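> the following comprises the amino acid sequence and a computationally predicted model.
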Amino acid sequence: MPLGQLFINKEQNKFMLIKMPNEVTPDKYQNWASEKERENNIQTFNFSQQMLDRIALKYVDDSQAQPYEAKYVLMKAPDEEGLFVSSLELSINGDEKMDIVRNGLLIIFDENEVKHFTEILQDACNEGGMQ
């Protein structure tokens, strides 16, 4: 299952999705993201709750052809005592397609979903801005 990180170039107002190499483990994730930020003059994109809500509604409303389900999941980070991570889980008939974590981490179960996600993300941004 590939992992990706969503970044934003604020000067150009553009998103960038960069796939993480397999050797990037959770303990090396922050260093990898910081390195990408420095190399490319970009910032990791953190989803606001409003943005996740707009994405979830667009997936559910857009699902006449394919019945998407969107649900929020709250997970306890295994390496932290009091840290909880929320994510938006997208699936079709129980087949998980993608998890969108608030810190911009994307857990991609279906590579074909990336194109659809970028369209939905652009629509959500056009509708309500980056917030």
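Nice, thanks for sending it over.

> let me see the ranges of the strands in the chain.
Counting by DSSP state E, the chain has strands at residues 3-9, 14-19, 43-44, 68-76, 84-92, 95-101, 105-108.

> quick one: which of the ones you listed is nearest residue 123?
Evaluated with CB to CB, the strands of the chain place strand 14-19 nearest to residue 123, the distance being 12.5 Å. Using the backbone N, CA and C atoms, a C-beta is placed for each residue, glycine as well.

> let me see the mean pLDDT of the closest one.
If you average the pLDDT over strand 14-19, you get 91.

> now do that strand: which elements does it pack against?
Contact analysis of strand 14-19 by 3 or more CB pairs under 8 Å, 6 or more residues apart in numbering; DSSP states H and E lists strand 3-9, helix 113-128 as its packing neighbours.

> just say which of these is most tucked in.
Mean neighbour count (mean count of other CB atoms under 10 Å) peaks for strand 3-9 among the helices and strands packed on strand 14-19, with a mean of 19.

> can you list the strands that that strand pairs with?
Strand 3-9 pairs in its sheet with strand 14-19 (antiparallel), strand 43-44 (antiparallel), strand 105-108 (antiparallel), by DSSP bridges.

> redo those strands as JSON lines? Include distance to residue 128 and mean neighbour count.
Formatted as JSON lines, those follow (distance: least, CB to CB, whole Å; neighbours: other CB atoms under 10 Å):
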{"stretch": "strand 14-19", "distance to residue 128": "15", "mean neighbour count": "15"}
{"stretch": "strand 43-44", "distance to residue 128": "19", "mean neighbour count": "16"}
{"stretch": "strand 105-108", "distance to residue 128": "20", "mean neighbour count": "19"}
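
> just so I know, which of those lies nearest residue 52?
Closest approach to residue 52 among the strands paired with strand 3-9 (CB to CB): strand 105-108, 12.4 Å.

> give me the contact list for that closest one.
The list of residues contacting strand 105-108 from outside it, by CB atoms under 8 Å, 6 or more residues apart in numbering, reads 1-6, 17, 29, 87, 98-101, 114, 117.
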